[in-house]
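[1] Make a model of this:
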Amino acid sequence: MPVAPGQVNGLKCTVLRDSGCSSVVVKRGLVASTVPRVGTQQVCLADGSTRRVPTAVAFIDCPYYKGSVKAALLDEPLYDVVLGNIKGVKCPGFQANKSLNSQEAATVETRAAIKRESKMFKAPKEADLGWSEKRLKVLQQKDPTLEQAKKIAEVGDKVHTGKASKSWYPIRGEFSYVISSLQKLTMGIS
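    Numbers count the residues shown, from 1 in each chain. So this is what the prediction gives:
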């Protein structure tokens with residue numbers, strides 16, 4: 001059962017987060033008699049019986065909820081606070097191991113980190129040239145600069161285009177492509 005330490009009106013207590021409950025129940029002893037009662041509420045207990053009990057405003061501080069709530073007051077509830085499904089309450093699977101005195105921290109991005117991020121490679125978006133596949137095929141067939149690539153593609157050779165790179169020109173379907181690869185250079189020490 002999701003039980004966590006918490007506080008009601010500054011007093012330490014144990015809080016049960018009950019996802020089957022639709023309101024908040026607080027042990028009457030945790031709400032001072034000087035706190036005004038704001039009415040009554042009918043509460044349905046686990047055994048099926050109902051009771052009309054007084055209600056008061058209580059401030060709850062626990063891992064599941066922090067704020068003021070209208071709570072039903074019972075003399076002997078199973079836990080000091082039973083926190084049901086109210087607006088703003090966190091789900092029962094929430095990690096309840098935070099300290100009540102924990103502090104939040106923030107990180108700072110340095111100018112160098114921001115500059116590095118702006119220099120990172122950003123892939124270009126695909127350009128829509130408005131050409132059909134048919135038109136692209138005709139343009140590739142007529143382009144004289146692709147003649148050497150077509151000859152290499154027919155033979156199936158790979159061309160060394162640098163010290164550590166190779167290129168080849170496969171034809172897939174009716175289109176020719178260019179594929180390049182870099183080879184890892186290894187240096188021997190003598």
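[2] Could you tell me how many residues sit around Gln41?
    Using other CB atoms under 10 Å, Gln41 has 17 other residues around it. From N, CA and C alone the C-beta is placed, and that goes for glycine too.
[3] buried stuff in the helix or strand where Thr14 lies?
    Per DSSP states H and E, Thr14 falls inside strand 11-17. Using 16 or more other CB atoms under 10 Å as the test for burial, strand 11-17 gives Cys13, Val15, Leu16, Arg17.
[4] Verify the contact between the second one and Val3 for me.
    To tie it back to what came earlier, the one meant is Val15. Yes: between Val15 and Val3 there is a contact under CB atoms under 8 Å: 6.8 Å.
[5] Could you dump the buried residues of strand 11-17 into CSV and include distance to Asp143 and pLDDT?
    CSV is the format used below for the buried residues of strand 11-17 (distance: CB to CB, whole Å; pLDDT from 0 to 100):
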residue, distance to Asp143, pLDDT
Cys13, 80, 95
Val15, 74, 94
Leu16, 75, 92
Arg17, 69, 91
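[6] Can you name the two of the residues you listed that sit furthest apart?
    The span of those, defined through CB to CB, is set by Cys13 and Arg17 at 13.0 Å.
[7] quick check: longest strand of the chain.
    strand 50-61 (DSSP state E).
[8] mind listing what that one pairs with, with the direction of each?
    strand 3-8 (antiparallel), strand 37-44 (antiparallel), strand 66-74 (antiparallel) (DSSP bridges).
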